[in-house]
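**Q** Turn this into a structure:
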Amino acid sequence: QVQLVESGGGLVQTGGSLRLSCAASGGTRSTNGMAWFRQAPGKEREFVAAMWSGGSLYYADFVRGRFTISRDDVKNTVALEMNSLKPEDTAVYYCGASRHYSVLFYNSASRYDYWGQGTQVTVSS
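**A** Below is the predicted model of the structure:
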């Protein structure tokens, strides 16, 4: 069983930066993909960024060029560096881990087998 714990959220002004971290433990060798999703109040959970085994990176159009996903296999962590933050980036950010080898449907929450508890990101205008 894989456990995921997110950290690094907080309150930041428009244009600011935050770095989220997801610490993974347990059966991490069984995971092939790691991703960040976010969920704003009253909205569905939406894909933000993913990294798959082999190094493939995927980003949602609305964060491309602003957010960067990275992975540290030694520390078993996945980070999301967020720059040029906007008020519409306000949401709870979740880390997900997938056991699927294929990258198909990487942007679908149903593709992920494990989730963290989430960390709140609030961007003030």
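
**Q** Now do the same contact list for the closest residue to residue 56 other than its chain neighbours.
**A** Nearest residue to residue 56, sequence neighbours excluded (Cβ to Cβ, 6 or more residues apart in numbering): residue 103, at 6.0 Å. For glycine as for every other residue, the C-beta is placed from the backbone atoms N, C-alpha and C. Listed by Cβ atoms under 8 Å, 6 or more residues apart in numbering, the contact partners of residue 103 are 33, 50, 52, 56, 58.

**Q** check contacts around the most centrally placed residue in the chain.
**A** The centroid of the chain falls nearest to residue 36 when counting by Cα atoms, centre = their mean (1.7 Å). For residue 36, the contacting residues are 20, 22, 48, 49, 50, 69, 78, 80, 93, 94, 95, 96, by Cβ under 8 Å, 6+ apart.

**Q** cool, residue 20 as well?
**A** Contacts of residue 20 by Cβ under 8 Å, 6+ apart are 6, 7, 8, 9, 36, 79, 80, 82, 93, 95, 119, 121.
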